[in-house]
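Undergrad: coordinates for the following, if possible.
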Amino acid sequence: MSLRSWTNKSLTITLLLLAGLLGGSLYLLSYSLSGNKEAPPQSVIHQVRLAINPLMLYLEQHHDNIGTTEVQTELNRLATQHEIGLAYVQLDGTVTFSSAALSPIAQDNVNRFLRYDMYSGQQSSGLFQIAFPVIDKNSQSQVGNAVYFLPEAKVFPAQSNYRPVLSFVIIALIVLCLALLLIFMKRTIQFHLISPILQLRLHAEAILKGNYEQQPTYASLNEMGELYSMFDQMRTEIMYLSMQRIQQEKAQKELITNISHEIKTPITTIKAYIDSILEGVCSDTDTMLEYIEIMRTHTDKMARLVEDLLLQTLQDLGQITVEPREQYSRDILYKILKPIGHYVRTNELNYIEPEEIPNVLINMDANRIEQVISNLVSNSLKHTSPGDSIRIDVHLEAGMLKVIIADTGSGIRPQDMPFIFERYFRRNPGSDAHRGTGLGLSICKTIIEAHGGTISFTSKHGEGTTFNFTLPLC
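TA: Now for the predicted structure:
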């Protein structure tokens, strides 16, 4: 069950229990305020009539003989049997009978007994009194008054305590359920909310300290479980970014070292040839032109290194500018490939130029495409030996202009293939012969994708590599 569902159900149960508690409390309050001691008038009179009925029946039948010992004895027996006091008063106010349980009644106090309702007040003896007229059966006329003195139990029937006790038991059970529910909620919140949050805090502190190995775990598949899952995903992402940052910093340091090494070598070579020229070692024009050609080669190499470094910086900033414009492909690619062929041949490799360049209209930034082709050819030169060949071909394929650069060099190792286009990646980094910045292919990919094309390669270790990229037609 999710924490939200559990919380909603617990809250609903708590509100229902509180409503029951409030209802029971209101019932007990109303019951206590009413006192529930005074029964309705009809109920009281009915109870009194039932209590005095034997006495009243006997009195109506024998009122003529009220003064005889036999009648008075029977009236005393009935009064004692039914726990009722009785006084018989003539119409002239004479008290002709008073039950044995009653105190003697003075003749001047007779009128105060002639009350025909139950609400005249309780007597000092704790008895309630009520007068009933005695009717003669033959003449159907009143012959006297019977004044009855009844204890409270006879007037007000005993009240049952069932409902108040039941209400109290229900309220007690509700309070007990609320207490158990609150204890359960406290334990649940502690176990499923507070403790997991404290654990997450410890994991967050570990991440802040650079410890990314502690993996947070949570068993339940609820909201907290989802939070733990997202936190662990964040931890993994931060760990990956941290490792990537460390690798990038290491690669940048290696880049600076490599570029320093790469630039130092041509600078040293150029300086040596300049010193030779100044010292007059070159005795003829041919030798001097040869020296100048060597210096130009090394100058071009330094220029490419500086350009790669600049492009890498722009790539980090997301500011590599590609400004394609519509132009025909044949003349532009011919101008780009012609000096490259000469450069390949000067490195003692066979250069196979394209048989024909399609003349189609494409959107192309000529300077950037020249950088791509130069980088790909330079990459081939690093992994070829004298006598190998580099072939460049251009043709149309599936509505795209496709440029192919293939060599018969050492090829790419299978374990290196997934990382070829990543920045700072260098094949055989321990070999001076293959030393490079690791930026060229990454820059090529960025430029080609900015043109809306794709770049890919195929290679077999020891047999050569083929790079190809496409440019969309207008």
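Undergrad: what residue of the protein is the furthest out?
TA: residue 68 (99.0 Å; C-alpha atoms, centre = their mean).
Undergrad: for it, give its distance to residue 231.
TA: 107 Å (C-beta to C-beta, to the nearest Å). All C-beta atoms are positioned from the backbone trio N, CA, C, and that covers glycine.
Undergrad: repeat for residue 137
TA: From residue 137 to residue 231 the distance is 101 Å (C-beta to C-beta).
Undergrad: and residue 219, which of the three is it?
TA: coil (DSSP: H, G, I helix; E, B strand; the rest coil).
Undergrad: residue 337 now?
TA: helix.
Undergrad: how's the chain carved up into domains?
TA: Per the record, the chain has its domains at 3-35+160-204, 41-155, 212-319, 321-472, by automatic domain parsing.
Undergrad: what's the helix or strand for residue 362?
TA: Taking DSSP states H and E as the criterion, residue 362 maps to strand 361-364.
Undergrad: tell me the buried residues in that strand?
TA: 362-364 (16 or more other C-beta atoms under 10 Å).
Undergrad: re earlier: so which of residue 137 and residue 231 has more stuff around it?
TA: Legend: neighbour count by other C-beta atoms under 10 Å for residue 137 and residue 231, higher for residue 231 (18 against 9).
Undergrad: contacts only, for the more buried one.
TA: Taking C-beta atoms under 8 Å, 6 or more residues apart in numbering, we find residue 231 in contact with 200, 203, 216.
Undergrad: measure the residue farthest from the centre of the chain to residue 232 for me?
TA: Taken as C-beta to C-beta, the span from residue 68 to residue 232 is 109 Å.
Undergrad: and residue 270, by the same measure?
TA: 56 Å.
Undergrad: again with residue 382
TA: Distance from residue 382 to residue 232, by C-beta to C-beta: 43 Å.
Undergrad: please say which of those two ends up with more neighbours.
TA: residue 382 (19 against 16).
Undergrad: in this structure, which spans are helices?
TA: 3-34, 41-62, 69-81, 152-155, 162-189, 195-208, 223-278, 285-316, 329-346, 366-382, 440-450 (DSSP state H).
Undergrad: wait, residue 323 sits on residue 365?
TA: Yes: between residue 323 and residue 365 a contact is recorded at 5.2 Å, counting by C-beta atoms under 8 Å.
Undergrad: looking at the two, which one has more neighbours?
TA: residue 365 (18 against 10).
Undergrad: so where is the stretch 351-474 of the chain shaky, pLDDT-wise?
TA: 423-438 (pLDDT under 70).
Undergrad: what about 50?
TA: Counting by pLDDT under 50, the stretch 351-474 of the chain has low-confidence residues at 429-434.
Undergrad: what about burial for the contacts of residue 231, which qualify?
TA: Judged by 16+ other C-beta under 10 Å, buried ones among the contacts of residue 231: 200, 203, 216.
Undergrad: would CSV of these with pLDDT and distance to residue 63 be doable?
TA: Formatted as CSV, the buried ones among the contacts of residue 231 follow (pLDDT from 0 to 100; distance: C-beta to C-beta, whole Å):
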residue, pLDDT, distance to residue 63
200, 86, 98
203, 86, 103
216, 84, 101
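Undergrad: make JSON lines out of those residues and add distance to residue 398.
TA: Formatted as JSON lines, the buried ones among the contacts of residue 231 follow (distance: C-beta to C-beta, whole Å):
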{"residue": "200", "distance to residue 398": "52"}
{"residue": "203", "distance to residue 398": "51"}
{"residue": "216", "distance to residue 398": "50"}
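Undergrad: quick check, nearest of the residues you listed to residue 168?
TA: residue 200 (46.6 Å; C-beta to C-beta).
Undergrad: now for the closest one: which residues touch it?
TA: 216, 227-228, 231.
Undergrad: now do 7 Å
TA: 216, 231 (C-beta atoms under 7 Å, 6 or more residues apart in numbering).
Undergrad: please report how far it lies from residue 221.
TA: Distance from residue 200 to residue 221, by C-beta to C-beta: 17 Å.
Undergrad: now do the same contact list for residue 422.
TA: residue 442.
Undergrad: quick one: pLDDT of the closest residue to residue 288 other than its chain neighbours?
TA: In space, and not counting its chain neighbours, residue 288 is closest to residue 282: 4.2 Å by C-beta to C-beta, 6 or more residues apart in numbering. Residue 282 is assigned 73 on the pLDDT scale.
Undergrad: gap between residue 196 and residue 220?
TA: Taking C-beta to C-beta, one finds residue 196 at 9 Å from residue 220.
Undergrad: of the two, which one has the most company?
TA: Neighbours were counted for residue 196 and for residue 220 using other C-beta under 10 Å; residue 196 has more, 17 against 14.
Undergrad: the more buried one reaches residue 225, doesn't it?
TA: No: Residue 196 lies out of contact with residue 225 (C-beta atoms under 7 Å); the separation is 9.1 Å.
Undergrad: which among the buried ones among the contacts of residue 231 gets closest to residue 288?
TA: residue 203 (70.7 Å).
Undergrad: give the contact list for that closest one.
TA: Residue 203 touches 214, 216, 231, counting by C-beta under 7 Å, 6+ apart.
Undergrad: and it, how far from residue 212?
TA: Residue 203 is 10 Å from residue 212, by C-beta to C-beta.
Undergrad: find residues that contact each of the two.
TA: Common neighbours of residue 203 and residue 212 (C-beta under 7 Å, 6+ apart) do not exist.
Undergrad: so who does the residue nearest to residue 396 when sequence neighbours are not counted touch?
TA: Using C-beta to C-beta, 6+ apart and skipping residues adjacent in sequence, the residue nearest residue 396 is residue 358, 5.2 Å away. Applying C-beta under 7 Å, 6+ apart to residue 358 gives the contacts 329, 394-396, 401.
Undergrad: I'd like those residues as a markdown table, with neighbour count appended.
TA: Shown next, in a markdown table, are the contacts of residue 358 (neighbours: other C-beta atoms under 10 Å):
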| residue | neighbour count |
| --- | --- |
| 329 | 21 |
| 394 | 19 |
| 395 | 14 |
| 396 | 13 |
| 401 | 22 |
